[in-house]
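K.L.:
everything below, folded, please.
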Amino acid sequence: KELLQSYMKGIFPEVEVEIPDRAWRRLGFQQNDPRTDFRGAGVLALECLEYFSREYQLEARRIIGEAEKGSLEYLFSATAINV
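P.N.:
Numbering: from 1, shown residues only. Model prediction:
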């Protein structure tokens, strides 16, 4: 849960969310409870996403913004977990 909150803060530092919450969909999760997307990859995928949002904050924000509003419109977090 702490890693999920850290991931959210890395991208949207102004947002305070609980689990479940609709705000998780802004990061590209499929459901209001992001834990359901980690079935196959588990904690390693979450650690990678959290690292990306912490160490490459500007790039992560740009990519998630493009995924959310761009012409591709894909679920970034769900996609990253499965790659």
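K.L.:
the helix or strand of the chain with the lowest mean pLDDT packs against which elements?
P.N.:
Lowest on mean pLDDT, DSSP states H and E among the helices and strands of the chain sits helix 57-69, with a mean of 92. Using 3 or more C-beta pairs under 8 Å, 6 or more residues apart in numbering; DSSP states H and E as the contact test, the elements touching helix 57-69 are helix 2-11, helix 42-55, helix 76-82. In this view, the C-beta of every residue, glycine as well, is placed from N, C-alpha and C.
K.L.:
most distant residue from the centre of this protein?
P.N.:
The outermost residue of the chain relative to its centre, with distances by C-alpha atoms, centre = their mean, is residue 71 at 19.0 Å.
K.L.:
count residues in the vicinity of the nearest residue to residue 61 once chain neighbours are set aside, would you?
P.N.:
Once flanking residues are discounted, residue 61 sits nearest to residue 11: 5.7 Å by C-beta to C-beta, 6 or more residues apart in numbering. Counted by other C-beta atoms under 10 Å, the residues lying close to residue 11 total 22.
K.L.:
on that earlier part again, the helices and strands packed on helix 57-69: which one's closest to residue 23?
P.N.:
helix 2-11 (7.5 Å; C-beta to C-beta).
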